[in-house]
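Dropping a prediction and its sequence here:
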Amino acid sequence: MNRELHMRIVSGEARGIGPSIARAALFAASGFYFLGYQAKRTAFDAGLLHQVRVDARVISIGNIVAGGTGKTPAVIHFARRFTNDGKKVAVLSRGYGRITPIDEPLAVSDFTKTRLSPRESGDEPYLIAEKLPGIPVVVCGNRVKGAHFTIERFQPDIILLDDGFQHRALARDEDIVTIDCSNPFGFGHLLPRGLLREPLSALARATCFLVTHADERDCTHAVAILRTVNPTARILKSAHRPVWLVRLNDGTKHVCDMLAGKKVLAFSGIGNPASFEQTLRRIGANIVRAIVFKDHHWYDAADMDRINEEAKRSGAEFMVTTAKDAVRLPAETRMSENLLGLEIEIELLEGNRECEQ
């Protein structure tokens, strides 16, 4: 089942006998998912599985809904904030989709430069490393092993654990959970019937919630649910702000207003492509064609030929993708001056320091 069809079914948008049967089958599958989750939770709660505490402050930035909720820009935001506060920071990520051994710790970057390619590190760790020069980024599927490696190699005051909410083997001092205001609770069901990675009750573990895209819609109801599940956690609200358009052939940066009134082909392979497209519309782009690939898709020459052909057919003046997608494009296909990458950053709207003490 492709992503678009799955989303139409789990959201209830798809109607009729077929989608109803599919929802029933997915609901049954969610029951098995819950059994696996419950077994792991019970093992931790009973002490059969142990958390390991390391000699650094560990702050996890994760989510409870599968797909894009703003974790990557949140990691970048908090890494910069802690660094500006005089802390020595390192980022530890699983490195999803990389070609290197998943449980071997590797330094994507150190204090001087990025050492690995996107394929070796994974797209998100590579992007984080490029955005955070001077801040080490490490990848390892085994978070405990990765944390020990990070401390031995870089001696950080703080380890930011990227996408760490479900990885409980490494003890943490803070659990920041990103909640996308556009779909805060994953249609109310566990995977695969919905998008929840854990039941909502798991949010009781969080110490802070970062509600993303809070400027785009009313998130009062979502915040009320968060306060019911976890009355003590701090709550921040944030907006995704477009900051630059980057020409991918030469790396030059341009103001986002250059797309105002322009015909654009948007393409992406991320967890929340609708949010990317909405951001383009907010800066004035006229999207004449949108192409969506699967999350973490690695592009090849055939993909780029298709994108170029669709751009010509639709009369698009620019082809625009996300910064995360841009690192997954083959270098030899970035020659067009009309191929752009959109860079965004998180801006906190309320409680500017509350999760950062």
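Nice, thanks for sending it over.

would you list every one of the helices in the stretch 251-357 of the chain?
For the stretch 251-357 of the chain, applying DSSP state H, counting those that start in this stretch gives helices covering 273-282, 301-314, 323-326.

and these as a markdown table, adding mean pLDDT?
Formatted as a markdown table, the helices of the stretch 251-357 of the chain follow (pLDDT from 0 to 100):
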| stretch | mean pLDDT |
| --- | --- |
| helix 273-282 | 94 |
| helix 301-314 | 96 |
| helix 323-326 | 96 |
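
Mind putting the ones you listed into CSV with mean neighbour count and distance to Tyr126?
Placement of C-beta: from N, CA and C, glycine included. Below are the helices of the stretch 251-357 of the chain laid out as CSV (neighbours: other Cβ atoms under 10 Å; distance: least, Cβ to Cβ, whole Å):
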stretch, mean neighbour count, distance to Tyr126
helix 273-282, 19, 19
helix 301-314, 15, 19
helix 323-326, 23, 9
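
So which of the ones you listed is nearest Val138?
Val138 lies closest to helix 323-326 among those, at 18.9 Å (Cβ to Cβ).

now the closest one, how far from the chain's geometric center?
From the chain centre to the centre of helix 323-326 is a distance of 12 Å (Cα atoms, centre = their mean, to the nearest Å).

Can you list the neighbours in contact with that helix?
72, 123-124, 127, 246, 248, 267-270, 297, 299, 341-344 (Cβ atoms under 8 Å, 6 or more residues apart in numbering).

between these, which has the most around it?
Phe267 (28 neighbours; other Cβ atoms under 10 Å).

quick one: contacts for it?
Ala290, Ile291, Val292, Phe293, Ile307, Met319, Val320, Thr321, Asp325.

quick one: which of those residues has the most company?
Counting by other Cβ under 10 Å, top hit in the contacts of Phe267: Val320 with 28 neighbours.

what's the closest non-adjacent residue to that residue?
Counting by Cβ to Cβ, 6 or more residues apart in numbering, Val320 lies nearest to Leu340, which is 4.7 Å off, once chain neighbours are set aside.

got the contact list for that neighbour?
So Leu340 contacts Leu245, Val246, Arg247, Leu248, His254, Leu259, Phe318, Met319, Val320, Thr321 (Cβ under 8 Å, 6+ apart).

With distance to Met1 and pLDDT added, can I get the residues you listed in TSV?
Compiled in TSV, these are given as follows (distance: Cβ to Cβ, whole Å; pLDDT from 0 to 100):
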residue	distance to Met1	pLDDT
Leu245	34	98
Val246	34	97
Arg247	37	97
Leu248	32	96
His254	39	97
Leu259	34	97
Phe318	32	98
Met319	28	98
Val320	28	98
Thr321	25	98
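
Show me those that map onto strands.
Among the contacts of Leu340, the residues falling in strands (DSSP state E) are Leu245, Val246, Arg247, His254, Phe318, Met319, Val320, Thr321.

thought the second one was touching Lys253?
Which is Val246. Yes. With contact defined as Cβ atoms under 8 Å, Val246 counts as touching Lys253 (5.5 Å).
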